[in-house]
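>>> pasting the structure only:
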């Protein structure tokens, strides 16, 4: 099986940590990446602090293939993501001439100091044009800098997504009418026979149709189908409500 | 001002990282903790892996007053939170006699091996009874071990919450009809005068009523009210749509 392409997400936002806003960007990105065959390994929600952003981005950039940041870009005092990423890579923050031209255009040649903050990037960063977006995405090595506003975050990820496509995950599901305590031993047995299987077991309370949803995944389609047959074959009679291939 | 009580949350769940389930426990906990005056500093979503759970719980337990874990408790192969927390503190996993009695009772004296997994705790852990819950919460030092199922997570947090109460945050809001680029300089000026102010600026796209929501917070009520007056006084005429005290 191919080694997985991996990713991590850093959500920069006091508004999320303080319960004012529920983050919808990480569930969106998790679904997109899964569909693309990319394994998301971390979602870390951290405060608007340059040192914290810097140390976590540095750690994740070294550990994973792609890093996505959400939030902390914009013209105000709490927009510290660019400074944090510069800190992560030990570089200065500089004005990018292409962004400067873009902002001059919006401001009809008279940008305010706070608008000019949005032309600043970590030294060495590149711009990735997203079709349909009015502002490019700043990319520093493998770190994609995205805004926190969900409409813009989603549009930019949708524009960029094909850059990240990897071998797909193949997903199968089993809905089971018995509780986890009854089926746990069958899961163990199937895992012993298929040690590379990604097997999830999700109990559902007060659902009239089933008690547990099992998910089986692999990047190898034949492998996941053999594991599925194995597990369905072990289940007690009547326990399998539905198999999703 | 009193030093803040701090917290971190560790969400253990491949199902969240793989986009199958959107985590609702962290937004719930963020709101509860804020209401209690507790400053949430991290929400980290990590995979079901003992080593990862161990290293992150160890780091957060040392850095913050309280740590909450969500998920990875139960009878199946992917329920590794107890092992991970034991790893964090360098202790063994042992059977807790009180949990064993409880499980024996549910199973009418004949628990399966997978049911008995739920009697296992890190050595030295304590049980915290939550009124109304059928199962106590396992607490290891300052780490509260909670299940991922939202109904149970929420019920247990609601039962425990008064244990965490600290000095409250006082929140004020201003809705503004101008964009961030226009008001950024006033925010800077108020922050220069009130450096301890927690000031958030949240643009809202396509909202007919306002363009930016500003939040002002402090544990010192007089301080936040003086900062609010200062900032409202700096705003251009007509920019303030609404002040929330």
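In hand now; what should we look at? A quick note: this is a predicted structure, and the numbers were derived from the prediction, not measured.
>>> can you map out the strands along chain A?
Ranges of strands in chain A, per DSSP state E, are A:5-12, A:38-46, A:66-70, A:93-95, A:120-122, A:126-128, A:137-140, A:143-146, A:170-176, A:198-203, A:212-218, A:240-244.
>>> same list (those strands) but as a markdown table, adding distance to chain B and mean neighbour count.
(Glycine included, C-beta is placed from N, CA and C.) As requested, the strands of chain A are exported to a markdown table (distance: least, Cβ to the nearest Cβ, whole Å; neighbours: other Cβ atoms under 10 Å in any protein chain shown):
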| stretch | distance to chain B | mean neighbour count |
| --- | --- | --- |
| strand A:5-12 | 8 | 24 |
| strand A:38-46 | 4 | 24 |
| strand A:66-70 | 13 | 27 |
| strand A:93-95 | 16 | 14 |
| strand A:120-122 | 14 | 23 |
| strand A:126-128 | 20 | 15 |
| strand A:137-140 | 18 | 21 |
| strand A:143-146 | 15 | 24 |
| strand A:170-176 | 9 | 20 |
| strand A:198-203 | 4 | 20 |
| strand A:212-218 | 6 | 22 |
| strand A:240-244 | 12 | 15 |
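>>> the ones you listed: which one's closest to residue B:201?
In terms of Cβ to Cβ, the element of those nearest to residue B:201 is strand A:5-12, at 13.6 Å.
>>> next one: the helix or strand of chain A with the lowest mean pLDDT to chain centre, how far?
Sorting the helices and strands of chain A by mean pLDDT, DSSP states H and E puts helix A:113-116 at the bottom, at a mean of 87. Offset of helix A:113-116 from its chain centre (Cα atoms, centre = their mean, to the nearest Å): 30 Å.
>>> picking up where we left off before, and the strands of chain A as TSV, adding mean pLDDT and distance to residue B:125?
Shown next, in TSV, are the strands of chain A (pLDDT from 0 to 100; distance: least, Cβ to Cβ, whole Å):
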stretch	mean pLDDT	distance to residue B:125
strand A:5-12	98	30
strand A:38-46	98	26
strand A:66-70	98	35
strand A:93-95	97	46
strand A:120-122	97	44
strand A:126-128	95	48
strand A:137-140	97	43
strand A:143-146	98	39
strand A:170-176	97	31
strand A:198-203	93	23
strand A:212-218	96	27
strand A:240-244	95	36
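>>> I'd like these as TSV, with distance to residue B:139 appended.
Shown next, in TSV, are those (distance: least, Cβ to Cβ, whole Å):
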stretch	distance to residue B:139
strand A:5-12	28
strand A:38-46	23
strand A:66-70	32
strand A:93-95	44
strand A:120-122	42
strand A:126-128	46
strand A:137-140	41
strand A:143-146	37
strand A:170-176	32
strand A:198-203	23
strand A:212-218	27
strand A:240-244	37
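>>> check residue A:3 and give its pLDDT.
Predicted confidence (pLDDT) for residue A:3: 67.
>>> and the helices in chain A?
Remark: helices assigned in chain A by DSSP state H are A:14-17, A:25-36, A:50-63, A:81-89, A:97-106, A:113-116, A:150-160, A:180-193, A:221-234.
>>> which of those sits closest to residue B:8?
That would be helix A:14-17 among these, by Cβ to Cβ, at 9.7 Å.
>>> helices or strands up against the least confident helix or strand of chain A?
Contacts defined by 3 or more Cβ pairs under 8 Å, 6 or more residues apart in numbering or on different chains; DSSP states H and E place helix A:113-116 against helix A:97-106, helix B:180-193.
>>> so the shortest one, near chain B or not?
No - using Cβ under 8 Å from any Cβ of the partner chain as the criterion, no contacts between helix A:97-106 and chain B are found, and the smallest distance is 9.3 Å.
>>> the inter-axis angle of that helix versus helix B:180-193?
Here helix A:97-106 runs at an angle of 110 degrees relative to helix B:180-193 (axes from the mean of the first three to the mean of the last three Cα atoms, to 10 degrees).
>>> thinking again about what came up before, least confident of the helices of chain A, on average?
The weakest mean pLDDT among the helices of chain A belongs to helix A:113-116, with a mean of 87.
>>> got a list of contacts for it?
Applying Cβ atoms under 8 Å, 6 or more residues apart in numbering or on different chains, the contact partners of helix A:113-116 are A:75, A:76, A:95, A:100, A:103, A:106, A:107, B:180, B:181, B:184, B:185.
>>> buried members of the residues you listed into PyMOL, please.
Buried residues within the contacts of helix A:113-116, by 16 or more other Cβ atoms under 10 Å in any protein chain shown, are selected in PyMOL with:
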select buried, (chain A and resi 75+76+103) or (chain B and resi 180+181+184)
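>>> what residue spans form the domains of chain A?
For chain A, automatic domain parsing gives the domain ranges A:5-164, A:170-244.
>>> what about the first one, start to end distance?
Spelled out, that is domain A:5-164. 9 Å (Cα to Cα, to the nearest Å).
>>> now tabulate the domains of chain A in JSON lines and tack on distance to residue B:168.
Listed next are the domains of chain A as JSON lines, based on distance: least, Cβ to Cβ, whole Å:
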{"stretch": "domain A:5-164", "distance to residue B:168": "13"}
{"stretch": "domain A:170-244", "distance to residue B:168": "33"}
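>>> list just the one of those domains that sits closest to residue B:165.
domain A:5-164 (15.3 Å).
>>> hang on, the earlier thing: which of the strands of chain A sits closest to residue B:91?
strand A:38-46 (25.6 Å).
>>> report the distance from that closest one to the chain centre.
Taking mean C-alpha positions (Cα atoms, centre = their mean), strand A:38-46 and its chain are 6 Å apart.
>>> now do stretch A:204-215
Per Cα atoms, centre = their mean, the displacement of stretch A:204-215 from the mean C-alpha position of its chain is 26 Å.
>>> next one: stretch A:47-65
The answer for stretch A:47-65 is 15 Å, by Cα atoms, centre = their mean.
>>> can you tell me which of the helices and strands packed on helix A:113-116 is packed in deepest?
helix B:180-193 (a mean of 19; mean count of other Cβ atoms under 10 Å in any protein chain shown).
>>> spatially nearest residue to residue A:112, not counting backbone neighbours?
Among residues not flanking residue A:112 along the chain, residue B:181 sits closest, at 5.9 Å (Cβ to Cβ, 6 or more residues apart in numbering or on different chains).
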